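Student: Next comes the sequence, and after it the predicted model I'd like to discuss.
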Amino acid sequence: MRFDTRLVHEGQTPAPGTGDIVPPLHLAVTYSRSAQDPPRYFYARGENPTREDLERCLAALEDVRFATAYASGQAAAVTVLSLLRPGDRLVASDDVYGGTHQLLEQARSQGITVEQADLSDARRRDRVLSPQAGRLDLVWLESPTNPLLKITDIAAVSAAAHSRGALVLVDNTLASPALQQPLALGADITLYSATKFLGGHLDVLGGALVCADETLHERFANYRTMAGNAAAAMDCFLIHRGVKTLSLRVARQVGNARAVVAALAAEPAVGAVYFPGLATHPGHELATRQMREPGALASFEFHGDPVKLLDRCELFAPAVSLGGVRSLIECPAFMTHRPVPRQTRLRLGVSDNLIRLSMGIEDPADLVEDLTGAIRDVAATH
């Protein structure tokens, strides 16, 4: 089956006996069992049929066998960090989600060496991944990154890391499997905040890890059962429902991003615009090879008061998160990246006036009017 058909059919086998086209929602916490013949399902913290339906679908979207669903993207990220021990070395993208910054700080406090670098820069990438830089156990990258939308060569990073015997994780949340499949590019683990594009409706929390290696998958699943961070059945049901329209939503969202970015170029109060679809973007050529489309997020520098801009928008809701059917606007400095020290943020290029947009599925003309109108109103009073 091709990708769009998998979205609808994987993990959606009609229910035995009744023929339900949508598999029933399994809410049971425990399952009747025989001491002589233990059942396939034992306890919902470990096994749940609705969760497994979603996992089969997510694995199939990257053409592999294994996926594990979690209560959130952060829960999935913590599970990956459980692979490391004191003395291990982790290399990560410097521009990452604010919650990931916090997790990396936690890893440092536990004796893990964490080095962050601009992995989109080939020279810096080669330097931190070289044998001269020290041992290497895990590479953690985002592409596109959050919020500056840098593009990293996943295949090159994977080749370098594998030559050192290290694993590669790609947080593919900002792209989604509709636009990019990291495992096909050489990565070992794909991480998703399923709250975002996969769920797609801003009404469910979840995360996932996808991999091809059965031993790695078993470690993830066993840690999940032990830690108790499994995704609930209802959440899995909602995420799986959202997945069915992933390609349709993302196509509209990417189109909206192109329209909004084109309009931003004409606004005097707008400085640098970060969007991989722009020919001037440093990662544009790589993005065209590595991704099907440049994504549905864009960031820009605003020459005005970001707080007033967020308050002035009507269709762009001032809120964190991304990938949903409604367009969102945020200022990372005091929202998603607020936990990151200001000096660190500024060094990475996340200024106090950086604005990040996540496009929804509204009419593009309405989004352009809403955003440009807000920009002009605020700029006029600046």
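Tutor: Right, received. Where do you want to start? Residues are numbered from 1 along each chain as shown.
Student: quick one: the spatially most central residue of the chain from S321, how far?
Tutor: Residue closest to the average C-alpha location in the chain (C-alpha atoms, centre = their mean): T173, at 1.4 Å. Distance of T173 to S321, computed by C-beta to C-beta, to the nearest Å: 10 Å. For glycine as for every other residue, the C-beta is placed from the backbone atoms N, C-alpha and C.
Student: Now do the shared contacts for those two.
Tutor: Counting by C-beta atoms under 8 Å, 6 or more residues apart in numbering, the residues touching both T173 and S321 are K196.
Student: E293: neighbour count?
Tutor: A count of nearby residues for E293, using other C-beta atoms under 10 Å, gives 20.
Student: Ok, L58 next?
Tutor: As a burial measure, L58 scores 27 neighbours (other C-beta under 10 Å).
Student: now swap in L141 and tell me
Tutor: 28.
Student: could you measure R224 against R51, distance?
Tutor: Distance of R224 to R51, given as C-beta to C-beta: 10 Å.
Student: Same question for T100.
Tutor: 24 Å.
Student: Before we move on, what's the pLDDT of the residue nearest to the centre of the chain?
Tutor: Per-residue pLDDT puts T173 at 98.
Student: my read: V340 touches L346, true?
Tutor: No. Applying C-beta atoms under 8 Å as the test, V340 and L346 come out as separate, 9.9 Å apart.
Student: which of those two has more neighbours?
Tutor: Per other C-beta under 10 Å, whichever of V340 and L346 has more neighbours is V340, with 21 against 13.
Student: and the closest residue to that one other than its chain neighbours, what element?
Tutor: Setting aside the residues directly before and after it, V340 is nearest to H101 in space (C-beta to C-beta, 6 or more residues apart in numbering), at 5.0 Å. Using DSSP states H and E, H101 sits in helix 98-109.
Student: ok, now G255?
Tutor: helix 246-264.
Student: roughly how far is that helix from the heart of the chain?
Tutor: Distance of helix 246-264 from the chain centroid (C-alpha atoms, centre = their mean, to the nearest Å) equals 17 Å.
Student: Partner strands of the helix or strand that that helix is followed by and their direction?
Tutor: For helix 246-264, the following helix or strand on the C-terminal side (DSSP H and E) is strand 270-274. Applying DSSP bridges to the sheet, strand 270-274 is found paired with strand 297-302 (antiparallel).
Student: Next, the angle from the strand it pairs with to helix 246-264.
Tutor: Here the directions of strand 297-302 and helix 246-264 differ by 20 degrees (axes from the mean of the first three to the mean of the last three C-alpha atoms, to 10 degrees).
Student: Okay, buried residues for strand 297-302 please.
Tutor: Across strand 297-302, burial judged by 16 or more other C-beta atoms under 10 Å covers 297-302.
Student: same question, stretch 39-59
Tutor: 41, 44, 47-59.
Student: Stretch 243-256 too?
Tutor: 243-244, 246-247, 249-254, 256.
Student: Can you name the residues in contact with the helix or strand containing L286?
Tutor: Assessed by DSSP H and E, L286 sits inside helix 284-290. With C-beta under 8 Å, 6+ apart as the test, helix 284-290 has contacts from 143-144, 151, 153-155, 180, 185, 276-278, 281, 294.
Student: ok, and what's touching the least confident helix or strand in the chain by mean pLDDT?
Tutor: Lowest mean confidence among the helices and strands of the chain (mean pLDDT, DSSP states H and E): helix 342-348, at a mean of 89. With contact meaning C-beta under 8 Å, 6+ apart, helix 342-348 is reached by 94-95, 101, 148, 332-333, 337, 351-352.
Student: which of those residues count as buried?
Tutor: The neighbour-count test (16+ other C-beta under 10 Å) marks 94-95, 101, 148, 332-333, 337, 351 as buried among the contacts of helix 342-348.
Student: and the residues you listed as JSON lines, adding pLDDT?
Tutor: Putting the buried ones among the contacts of helix 342-348 into JSON lines (pLDDT from 0 to 100) gives the following:
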{"residue": "D94", "pLDDT": "95"}
{"residue": "D95", "pLDDT": "92"}
{"residue": "H101", "pLDDT": "91"}
{"residue": "L148", "pLDDT": "96"}
{"residue": "P332", "pLDDT": "95"}
{"residue": "A333", "pLDDT": "92"}
{"residue": "H337", "pLDDT": "89"}
{"residue": "S351", "pLDDT": "94"}
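Student: Can you add secondary structure and distance to L286 and give those back as TSV?
Tutor: As requested, those are exported to TSV (DSSP: H, G, I helix; E, B strand; the rest coil; distance: C-beta to C-beta, whole Å):
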residue	secondary structure	distance to L286
D94	coil	17
D95	coil	15
H101	helix	24
L148	coil	15
P332	helix	23
A333	helix	27
H337	coil	24
S351	coil	24
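Student: quick revisit: just the ones in helices from the buried residues of stretch 39-59, please.
Tutor: Counting by DSSP state H, these place 49-59 in helices.
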